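Asker: What shape does this take:
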Amino acid sequence: MSTATFDKRAVEGAARRALESRQYEEALVHLWRLADRQNITEDELKTAVKDMGTCYAALGRTRAAASARLYLGDRNGAFNVSSLPLDRARVQVDAKDHAGAAQSFEQAGWLGHAAIQCEVAKNDRGARVLWDRLASVPRLSEDLYASGLVHFNLGRACLRLGDRAAGRKAIVHAMHLLTAAADGFEAKGQRERAFDCYGVLLTIGKEGSFENLAEGYLNCIRILREDGLKYYVIQYYEDFQALAMQRNELHAAATLFREAADYSRRQALPYARHYRFKGAETSTLQGERILADGHADLVMSVSFSGDGRTLASGSYDRTIRLWDVATAKPYAVLPEQRDRVYAAQYAPDGHTLAGASGDGTVRFWEADPDRAAERICAAVSPRITPAEWSESFPDLDYAPPCP
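Answerer: Residues are numbered from 1 along each chain as shown. Coordinates of the predicted model:
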């Protein structure tokens, strides 16, 4: 607006005359012209807003009237000018009456806002009830992203209340929803929305498993790389590397350092040497820990026996080792394989162990000593007789391994 042709006194007079004659729509036109000036003083603006509030209230536009009074710091006036729950909720939020705001938002049907206000008021039980109600709203199922956020918040509320089973269930469901939402957004070319989904998955991962954390970070890095935001890529690599080290995920950390080095080299960034050094340092640390634990190379797979007492580990050193879980010590090494062991897995029966090697072979073992003895004895014929035992072991009592 050009101030050279603006007659402030004339406009103020026109607004005053319109107010006095109760021509409120006309008064608002003049008041907005006054308020819209770039060089208006604070006092002048407050006067204009006060008169606007009078006009809006007289016209029955209660939300606008409440906004005007709230701007002027008149919370009581803003609260009383409108009986609509949503308008009152805004005033209560401004007054930090979070419990009251939760009730007003709930009355207005804004369940998500109500749940958030319950959380701010430290009312986790109320928040859980509201998130649960919102999660069951049929139309929400059409929006995977929003549904994922609701289930995520429901899960966190359950966890804060100590209900781990319900919390875990809601968060796992949130992960599936957010992953599906991210895929949908990427398919539509809405990469920023997909990035938002992975950001929530990052939060889930930081509070839960490393696998969830990795999924979030790696997808964020992928999107940033494809968008050419190289310094953000480096920042996300740095954050993920630090978290991997904190969680003692040395193999993952070493891999991330190497990837960051390769990316820096391709983008002509001056960080490649630093990341190569950190990758080598981390790999060395990982190797030292592996050697201390019995394997001479990377451990690629682990699996618990059915009773949970034994852990099998397969390694690049071509061995499968059996560990006593109670003592954390290895007690057996299965025959060396022809190539690196990529997988060691107990069968559903809990005692048959399978090992897969790099040469494409899979071998099976009976890992339970008693069952293995039974199988061997069943194949042995004839059994050793007392006479044969006495001849071979004259100083030992007769105790054949296969009775």
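Asker: how about residue 303, secondary structure?
Answerer: Residue 303 falls in the strand class when you classify it by DSSP: H, G, I helix; E, B strand; the rest coil.
Asker: which stretch of helix or strand covers residue 171?
Answerer: helix 164-187 (DSSP states H and E).
Asker: got it, and residue 356?
Answerer: Using DSSP H and E, residue 356 falls within strand 352-357.
Asker: Show me what that strand pairs with in its sheet, parallel or antiparallel.
Answerer: strand 341-346 (antiparallel), strand 362-366 (antiparallel) (DSSP bridges).
Asker: Tell me which residues touch the residue lying closest to residue 157 once chain neighbours are set aside, please.
Answerer: In space, not counting the residues next to it along the chain, residue 157 is nearest to residue 128; the distance is 4.1 Å by C-beta to C-beta, 6 or more residues apart in numbering. Every residue, glycine included, has its C-beta placed from N, CA and C. Residues in contact with residue 128 (C-beta atoms under 8 Å, 6 or more residues apart in numbering) are 154, 157-158, 161.
Asker: Report all helices and strands that the helix holding residue 171 contacts.
Answerer: Counting contacts by 3 or more C-beta pairs under 8 Å, 6 or more residues apart in numbering; DSSP states H and E, helix 164-187 is packed against helix 144-160, helix 191-207, helix 210-226.
Asker: for the second one, packing partners?
Answerer: Contacting helix 191-207 under the criterion 3+ C-beta pairs under 8 Å, 6+ apart are the following elements: helix 144-160, helix 164-187, helix 210-226.
Asker: still on that earlier bit, got the buried residues for the helix or strand containing the residue nearest to residue 157?
Answerer: In this structure, residue 128 sits in helix 124-135 according to DSSP H and E. By neighbour count on 16 or more other C-beta atoms under 10 Å, the buried set for helix 124-135 is 124, 126-132, 134-135.
Asker: Which single one of the residues you listed is nearest to residue 329?
Answerer: Closest approach to residue 329 among the buried residues of helix 124-135 (C-beta to C-beta): residue 124, at 43.7 Å.
Asker: quick one: pLDDT of the residue nearest to the closest one when sequence neighbours are not counted?
Answerer: Excluding the flanking residues, the one nearest residue 124 by C-beta to C-beta, 6+ apart is residue 160, at 4.8 Å. Looking at residue 160, its pLDDT reads 94.
Asker: Next: residue 302.
Answerer: Reported pLDDT for residue 302: 81.
Asker: If it is in a bridge, with which residues?
Answerer: Bridge pairing for residue 302 - DSSP bridges - gives residue 313.
Asker: Test my guess that it contacts residue 311.
Answerer: Yes: Residue 302 is in contact with residue 311 according to C-beta atoms under 8 Å; the separation is 5.9 Å.
Asker: Those two: which is more packed in?
Answerer: Between residue 302 and residue 311, residue 311 has the larger neighbour count (other C-beta atoms under 10 Å), namely 18 against 15.
Asker: Hmm, that one is touching residue 303, no?
Answerer: Yes: taking contacts as C-beta under 8 Å, residue 311 lies within contact range of residue 303: 7.3 Å.
Asker: Find residues that contact each of those two.
Answerer: Joint contacts of residue 311 and residue 303 (C-beta under 8 Å, 6+ apart) do not exist.
Asker: distance between the ends of stretch 295-302?
Answerer: Length of stretch 295-302, first residue to last, C-alpha to C-alpha, to the nearest Å: 12 Å.
Asker: what do you get for stretch 77-87?
Answerer: Stretch 77-87: ends 12 Å apart by C-alpha to C-alpha.
Asker: now it, how far from the centre of its chain.
Answerer: 38 Å (C-alpha atoms, centre = their mean, to the nearest Å).
Asker: Make sure residue 373 is actually in contact with residue 400.
Answerer: No: applying C-beta under 8 Å as the test, residue 373 and residue 400 come out as separate, 11.5 Å apart.
Asker: domain parsing for this protein?
Answerer: The chain breaks down into these domains under automatic domain parsing: 299-367, 374-403.
Asker: which of these sits most buried?
Answerer: Of all these, domain 299-367 carries the top mean neighbour count, a mean of 16, counting by mean count of other C-beta atoms under 10 Å.
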